[in-house]
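**Q** Below are the sequence and a predicted model for it; my questions follow.
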Amino acid sequence: MRFPRAPSSEHLSYQVGLDKIQEAVISSHFMHELAANSELQLYDEGQFVAKALDIDAEAVHNRLIPAMREACDTFSKDRATAARSRARENYRKYGLADPRKVGTAQFITEVMFDRQYRREPLESCSRELLCSTVAERIESGSPIEMVIPALPFKFSSPLKTRGRLPDLAELNFILGLYEIVSTIEQIYRAARPDLRGRLAGFTVVSDGSRYNRLVNEPDSVIERYRNRLGLWIERLRLEQHINILDYRSLLRDSMPASAWQRKAEIADRARTEYGQALWPIFDPNEMASAMTMAARVEPDPEYSNPAGRFVSLLKSLVYTIKYDSLKMFERMPVDAYHALYRDLTAHIFKPYTAISPSELARIRAEADVGAGLAPTERVKEYLRQTMLRESWGCAIDYMAEIKSDRELAEDPILTCLPGHLRWTIHAKAGQLAVSTPIAAGIRVQAWAGAAVFRLTRKNDIKLCTLPVLALEGAGAIPVRVSGMDDALALADQPLFYIYPDVTFADMDDFLAVVRRSLVRRRTN
């Protein structure tokens, strides 16, 4: 992995091997390498204000969003044409003996196998089986309904995000789903002009309520994020095609009681199994050995991943959890808190200093009574160990929650939304994994970073997502919204960043560049 060098930055040239490593490992290694690079620094408040540009809310609505919608519409028309061509080439994969027998069902199915929309290189779904489902919808004149669990909440790690509300990264994700819907609708409507209303749609099951308490996020953060997503969908005028539901509410209202009970039983059993296997080997002073052993003893190993499921998840959660351990420092000045968080996560797997159990107990007692602790080396070592303990326990609970879905007889989302075609953000057998834009050699989900406009290899403009540390460390320009608009009232949170490789004279010129050069391709 190599970042393009920014004009004034030499420190983003480190390399991390990516070939033949699964995405969970890639993402965790990426964040770990990012956090460990001491040359990368977040902007302090003064630097942020000095660096930031403003974009008027009216310009967002009247120029930026229309330019993005126009790019989406152009792209979806191109993909509809490409789907027809590919379906004829792949006619044998549909069980057909003659390419002239390819029709609307095959064209629509091919949309869902488009590498611009579907990310996994190997086929985890049968074209023929999926096509038969699509054909049934067409025959009955029913819309092609799709569902994906995604858009949980904006992560609180200051290394990943600057603010908790959706920004253009989430809008980009939503528009990506709309492109799939739009491409399908064009093909479907051409074949069935007699039908009225929507012919395809995506339901996003916002799954923040599934995980938020595991990572210490309050329900209010999840609700506010989800409500703001709804406002974005209204502003994009996509209500007919994109719907947001809450995960916990959906399951509570639609899942049979027996399945809900079975889910809880699976989670309880998995939590016990993982706890019994993994807590005895937890050692914050020897984390390399503990993680190596964890990969050997975890109850449900992933043999294709040498690090194992648990360790990959642990390394990811380190930069996701809202730590109880750090609550006492949250009233520090923002810059000081960010510096402390930056320091601790950079050293998370390596002790600061040797510290005795009695001294750890003393510091813990002082913290428990609310004593003001200065972040000395010994206090930071206490915090590091406490954060690791939180992360280890969280990873156990997280694995239990994941297994509680995967080991049910039927996927709970499809139990609650029968007849929907199941998409996912990760490649899984029998499900379609949605493709997201690549930046710096990896895919960062919208909720785990901030939106950034960057140049492609062909010098077009592409909207991607990267952690804030990568952006601010490279000198990217944060862009805030000015003017009154409830949907865009992000305070000090940028709506997006502009990477240093994009040249423009002023915001008016930048919007012209976006209108002229924005591309929607996920892969080359």
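**A** Yep, it's here.
**Q** For residue 380, see how far away residue 464 is.
**A** Distance of residue 464 to residue 380, given as CB to CB, to the nearest Å: 34 Å. (C-beta placed from N, C-alpha, C; glycine too.)
**Q** Looking at those two, which has the bigger crowd around it?
**A** When residue 464 is set against residue 380 and neighbours are counted by other CB atoms under 10 Å, the residue ahead is residue 464, at 24 against 19.
**Q** phi, psi of the more buried one?
**A** The phi/psi pair for residue 464 (degrees, to the nearest 10) reads phi -130, psi -170.
**Q** ok, for it, nearest residue in space, not its chain neighbours?
**A** Once flanking residues are discounted, residue 464 sits nearest to residue 439: 3.6 Å by CB to CB, 6 or more residues apart in numbering.
**Q** now the strands: where do they sit in the stretch 301-450 of the chain?
**A** For the stretch 301-450 of the chain, applying DSSP state E, counting those that start in this stretch gives strands covering 421-424, 432-433, 450-455.
**Q** And those strands: which comes nearest residue 108?
**A** Residue 108 lies closest to strand 421-424 among these, at 10.3 Å (CB to CB).
**Q** still on that earlier bit, would you agree the residue nearest to residue 464 is in contact with residue 466?
**A** Yes: using CB atoms under 8 Å, residue 439 is in contact with residue 466, at 5.1 Å.
**Q** so what's in contact with these two at the same time?
**A** residue 452 (CB atoms under 8 Å, 6 or more residues apart in numbering).
**Q** who's more crowded, these two?
**A** Neighbour tally, residue 439 and residue 466, criterion other CB under 10 Å: the higher count belongs to residue 466, 27 against 22.
**Q** Now do the contacts for that one.
**A** By CB under 8 Å, 6+ apart, the contact list for residue 466 reads 439, 440, 444, 449, 450, 452.
**Q** Check those and tell me the two furthest apart.
**A** Within these, 440 and 450 form the most distant pair, 13.2 Å apart (CB to CB).
**Q** Count the neighbours of the spatially closest residue to residue 233 that is not a sequence neighbour for me.
**A** Spatial nearest neighbour of residue 233, excluding adjacent residues (CB to CB, 6+ apart): residue 242 at 5.3 Å. By the measure other CB under 10 Å, the count of residues near residue 242 is 20.
**Q** so what's residue 242 up against?
**A** Counting by CB under 8 Å, 6+ apart, the residues that residue 242 touches are 174, 177, 178, 181, 201, 202, 204, 233, 236.
**Q** For the third one, give me phi and psi.
**A** Just to be clear, that refers to residue 178. According to degrees, to the nearest 10, residue 178 has phi -60, psi -40.
**Q** Touching, it and residue 71? I think so.
**A** No: here residue 178 lies out of contact with residue 71, judged by CB under 8 Å, at a distance of 11.6 Å.
**Q** can you pull the pLDDT of the nearest residue to residue 239 once chain neighbours are set aside?
**A** Closest residue to residue 239 apart from its sequence neighbours, by CB to CB, 6+ apart: residue 233 at 5.9 Å. pLDDT, residue 233: 94.
**Q** Packing partners of the strand or helix carrying residue 233?
**A** Residue 233 belongs to helix 219-235 when assigned by DSSP states H and E. Secondary-structure packing of helix 219-235 (3 or more CB pairs under 8 Å, 6 or more residues apart in numbering; DSSP states H and E): helix 168-191, strand 200-206, helix 208-211, strand 242-246.
**Q** dump the residue contacts of the closest residue to residue 425 other than its chain neighbours.
**A** Nearest non-adjacent residue to residue 425, counting by CB to CB, 6+ apart: residue 150, 5.6 Å away. Residues near residue 150 by CB under 8 Å, 6+ apart: 173, 204, 205, 206, 207, 425, 434, 445.
**Q** The second one touches residue 246, doesn't it?
**A** No: the pair residue 204 and residue 246 does not pass the contact test of CB under 8 Å, sitting 10.2 Å apart.
**Q** Please tell me how far residue 213 sits from residue 219.
**A** Here the criterion is CB to CB. By it, residue 213 lies 8 Å from residue 219.
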